[in-house]
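1. Here is a sequence together with a model predicted from it:
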Amino acid sequence: MTLRIATWNINSVTARLPKLLEWLEGAKPDVLCLQELKCATDAFPYEEVRALGYETEAHGTGRWNGVAILSKVGFEDVLRGLPNQPGYQADDALLPEQEPRAIGATCGPVRVWSVYVPNGREIGHAHYRYKLDWLETLRQDVAADAAGERPFAVLGDYNVAPTDEDVFDVAAFEGQTHVTEPERQALANLREAGLVDVVPRPLKYDHPYTYWDYRQLAFPKNRGIRIDLVYGNAPFAGAVTDSYVDREARKGKGTSDHAPVVVDLDL
DNA sequence: ATGACGTTCTTTGAACGA
């Protein structure tokens, strides 16, 4: 069977609902992983996407973060949060906060996680340590599936550009997060655990960037970075027939600052 | 053209994003 799986940091599913519905009707993925819902689980527009044939499992608390999986091929074994997911300890909080940054499910023949990795903010910030801990927990918690025979992938906004080729200008990121050695080592550890970086093809220009800042004409100038990634195990990666970044979805007003990454499989 | 940042809420600015 063929299966189309996609991931998209949608930057508010509420504000983006018309764009989401339009994109689903055009791209027709079987499974879609969403990040940055910016809405609570109960506030997800379930009925609107159901009208297009999708069931949804969402995990959100409101203003920030939030992840979901949309599926035309059913759900089994849904998990909200990584089993050992760390919380974020803000300076002014008494307890670490468990943020909605991961949801896992089996959809037909594949098992997937939709993840929104912490941003890290600045090198040395508590959020940067949180980001590295979060990625290490991800590695541990998906190790068994990564080594398994069932097609498996972790899709989402990793907030890390794997190589210098994945940023429009390395110098522009000097001293900033997303390109540091520890962050890239965390991705290398995921690959060591058996996951393959399924690199998509760009529809235009020569780098498959997935994010362009809203400011300073970043998109028209193609000043982008590749941080939305599909990490699949060998059975998943071996079934890939095509993959691309849908930059068309980044054009015009009222879009997310990220573009969807689409993967086609023949299983 | 692809056009100069966007979303949310404890809303009139701040927090967050990358």
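-> Received the coordinates, thanks. Residues are numbered from 1 along each chain as shown, chains lettered A, B, ... in the order given.

2. On the three-state scheme, A:Gln140 is what?
-> The three-state label given to A:Gln140 by DSSP: H, G, I helix; E, B strand; the rest coil is helix.

3. which residue does the stretch 101-250 of chain A bring closest to DNA strand B?
-> Proximity of the stretch 101-250 of chain A to DNA strand B (C-beta to the nearest atom of the strand) peaks at A:Pro220, 2.2 Å away. For the C-beta atoms, the positions are set from N, CA and C on the backbone; glycine is no exception.

4. tell me which element that residue is part of?
-> Using DSSP states H and E, A:Pro220 sits in no helix or strand.

5. For the residue of the stretch 1-150 of chain A found nearest DNA strand B, give me its contacts.
-> Ranked by C-beta to the nearest atom of the strand, the top residue of the stretch 1-150 of chain A for proximity to DNA strand B is A:Ser12, at 3.3 Å. Neighbouring residues of A:Ser12 by C-beta atoms under 8 Å, 6 or more residues apart in numbering: A:36-39.

6. So it belongs to a strand, correct?
-> No. Secondary structure of A:Ser12 (three-state DSSP): coil, not part of a strand.

7. Could you check how far it is from A:Ala43?
-> Using C-beta to C-beta, to the nearest Å, A:Ser12 is found at 11 Å from A:Ala43.

8. Up against DNA strand B, what does the stretch 151-267 of chain A have?
-> Counting by C-beta under 7 Å from any atom of the strand, the stretch 151-267 of chain A comes close to DNA strand B at A:157, A:159, A:177-178, A:211, A:213-217, A:219-221, A:225, A:227, A:251-254, A:257-258.

9. Which entries within those residues meet the buried criterion?
-> Using 16 or more other C-beta atoms under 10 Å as the burial test, those include A:157, A:159, A:177-178, A:211, A:219, A:225, A:227, A:257-258 as buried.

10. and those, which of them are in strands?
-> Among those, the subset assigned to strands under DSSP state E consists of A:157, A:211, A:225.

11. Adding pLDDT as columns, could you present these in a markdown table?
-> Formatted as a markdown table, these follow (pLDDT from 0 to 100):
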| residue | pLDDT |
| --- | --- |
| A:Asp157 | 98 |
| A:Tyr211 | 98 |
| A:Ile225 | 97 |
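
12. Now do A:Leu265: how many residues are near it, please.
-> 26 (other C-beta atoms under 10 Å).

13. How about A:Arg129?
-> Counted with other C-beta under 10 Å, residues neighbouring A:Arg129 total 16.

14. Could I get the full set of helices for the stretch 1-150 of chain A?
-> Taking DSSP state H, counting those that start in this stretch as the criterion, the stretch 1-150 of chain A carries its helices at A:17-27, A:46-50, A:126-146.
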